[in-house]
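# based on what follows, work out the 3D shape:
(one chain, ligands or ions: 1)
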Amino acid sequence: MLTIKTPLKYIDTIRKILMEKEIIARNYKILTEDNYGYIPIKDEINTETLKNIIEKLKNNLNSQKKGNTNNNTNTNTNTNTNTNTNTNTNTNTNTNTNTIINMGNFNDIYTDISLVEKDLEEVKKHPQSISEELKGKLTEQEIEDLKTSFDIIGDIVILEIPENLQDQKYIIGEATLNFTKRKAIYMKKSAIEGVMRTRQLEHITGEENPETIHKEHGARLKLDVSNVYFSPRLATERKRIAEQVKDGEIILDMFAGIGPFPILIAKDHDVNIYAVDINKIAIKYMKENIKLNKLKGKITPILGDINQIANEQFIKENIKFDRIIMNLPGTAKDFLNLAISLINNNGIIHYYEFSDGFDSGIERIKRIAKNYDKDVEVLATRKVKSSSPGQWHVVIDAKISY
Ligand SMILES: C[S@@+](CC[C@H](N)C(=O)[O-])C[C@H]1O[C@@H](n2cnc3c(N)ncnc32)[C@H](O)[C@@H]1O
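Numbering: from 1, shown residues only. Purely as a prediction, here's the structure:
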């Protein structure tokens, strides 16, 4: 490609001038070789224009040189001698360089600027999507079939690859690794299932280690993606809840997992949180997360079934809560009786369910509260995230008073 060859010493000045004239081909890298730089020039710039530009650059630098000569004759004499040798050596030994117009006088470094053909390396543009990264590796139809939505948890990417693209999973995995610059790619092998709400994953490429540290709103959350539930898509919801909390509250997270709600809350508030989960691996990570973060509040991790823990501890010791978090959207409704019996007067329940709206959830809370002779004020409702077509993971914030 066409380049302007210039002594390295002046490349910054010349590059700036050429940039202002908008003639640099920015999709190629400037090459430096043997005291010279080669600046790529856009195809569409005609040779006459380039000749004029080079002539002006040469005059400009020559007039600077004259100024320098008047000030310091000795220095210039030395410079000319050295340059003469360098320039000749470079021109003679550089066989790839095909000089088209040499505007320079080889006795003078300041005017040694020329228009030459040179092979330059293309600037690799980072693709804007996995689909773009996959162009040429999969067919257009295959790229269209691929859901490029993915979850990033710490250093790990979790991909969903449709059935008809299973044969291409390694190509897709590599493209995802390149695009996301994370350490490992795993593929969803099942839906979220079972009491512990985990899913089967298959390692596709990168480091085979399901443990990672996810950063969320200044908190560090360590987890094993294949053995505990965690969704980065709940980050906004966790922040929303944490922002409502006031110092001094006693809080129960009935289904706490690795502890993202408790950690986010206790990071900024002097509170007392009981965090229960039935998954012993989740409780192990919760304990690590308590150590990993600087917390103002206290979190007590408790392993077990919330029904049993409530009977053996909270009810027995008459512990009541100012706030109860119930993020088990599939079956939280089965624990509403318990939550309403454990809440303090004017306490708040954050109740989650899968639904197409809020009405059925609100009705449910009101019906159960009535059994306990308690009143319900709905403070807020929110669609947290989409769960399936027409269905949402929703939250209802309900204040319970009696
Ligand atoms: C949807 S996850 C939510 C975890 C966490 N709150 C979060 O946002 O990442 C639900 C959690 O409830 C736990 N779980 C399910 N049934 C339970 C029960 N009866 N008692 C205590 N924990 C339970 C599961 O192990 C799982 O970690």
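# roughly how far apart are Leu57 and the ligand?
As judged by CB to the nearest ligand atom, to the nearest Å, Leu57 and the ligand stand 62 Å apart. Any C-beta I mention is one placed from the backbone N, CA and C, and that applies to glycine too.
# let me see the domain layout of this protein.
Domain ranges of the chain: 2-117, 130-209, 231-401, per automatic domain parsing.
# any idea how far stretch 276-287 is from the chain center?
Centroid separation for stretch 276-287 versus its chain: 26 Å, with CA atoms, centre = their mean, to the nearest Å.
# now that stretch: buried residues?
Neighbour counts using 16 or more other CB atoms under 10 Å place 276-279, 281-287 of stretch 276-287 among the buried residues.
# just the mean pLDDT for that stretch, thanks.
Averaged over stretch 276-287, pLDDT sits at 98.
# and it, does that touch the ligand?
Yes - on the criterion CB under 6 Å from any ligand atom, stretch 276-287 is in touch with the ligand at 276-279, 282.
# okay if I get those residues as JSON lines plus secondary structure?
JSON lines is the format used below for those (DSSP: H, G, I helix; E, B strand; the rest coil):
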{"residue": "Val276", "secondary structure": "strand"}
{"residue": "Asp277", "secondary structure": "strand"}
{"residue": "Ile278", "secondary structure": "coil"}
{"residue": "Asn279", "secondary structure": "coil"}
{"residue": "Ala282", "secondary structure": "helix"}
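# what's the closest non-adjacent residue to the residue in the stretch 1-150 of the chain that the ligand sits nearest to?
Closest to the ligand within the stretch 1-150 of the chain is Phe150: 18.2 Å, counting by CB to the nearest ligand atom. Nearest residue to Phe150 in three dimensions, chain neighbours excluded: Leu159, at 4.9 Å (CB to CB, 6 or more residues apart in numbering).
# likewise for Tyr28?
Pro40 (3.7 Å).
# who does the helix or strand hosting that neighbour touch, helix- and strand-wise?
Using DSSP states H and E, Pro40 sits within strand 36-40. Here strand 36-40 touches strand 2-7, helix 11-20, strand 31-33, going by 3 or more CB pairs under 8 Å, 6 or more residues apart in numbering; DSSP states H and E.
# quick check: end-to-end length of stretch 113-133?
39 Å (CA to CA, to the nearest Å).
# my guess is Pro232 meets Ile153, correct?
Yes - using CB atoms under 8 Å, Pro232 is in contact with Ile153, at 5.7 Å.
# which residues are common contacts for the two?
His214 (CB atoms under 8 Å, 6 or more residues apart in numbering).
# between these two, which is the more surrounded one?
In terms of neighbours (other CB atoms under 10 Å), Ile153 is the more surrounded of Pro232 and Ile153; the figures are 20 against 15.
# what's the more buried one in contact with, if anything?
Residues near Ile153 by CB under 8 Å, 6+ apart: 212, 214, 223, 225, 230, 232.
# what about 10 Å?
Listed by CB atoms under 10 Å, 6 or more residues apart in numbering, the contact set of Ile153 reads 182, 186, 210, 212-214, 216, 221, 223, 225, 230-232.
# what separates it from Thr198, distance-wise?
Look at Ile153 and Thr198: by CB to CB, to the nearest Å, they are 13 Å apart.
# likewise Asn46?
Counting by CB to CB, the separation of Asn46 from Thr198 is 65 Å.
# neighbour count winner among these two?
With neighbours defined as other CB under 10 Å, Asn46 and Thr198 compare such that Thr198 has more, 20 against 7.
# for the closest residue to Ile365 other than its chain neighbours, what are its contacts?
Spatially, and ignoring its direct neighbours in sequence, Ile365 is nearest to Ala398 (5.1 Å; CB to CB, 6+ apart). Listed by CB under 10 Å, 6+ apart, the contact set of Ala398 reads 324, 336, 339-340, 343, 347-351, 361-362, 365-366, 369, 375-381.
# now restrict those residues to buried residues only.
So, by 16+ other CB under 10 Å, the buried ones in these are 324, 336, 339-340, 343, 347-351, 361-362, 365, 369, 376, 381.
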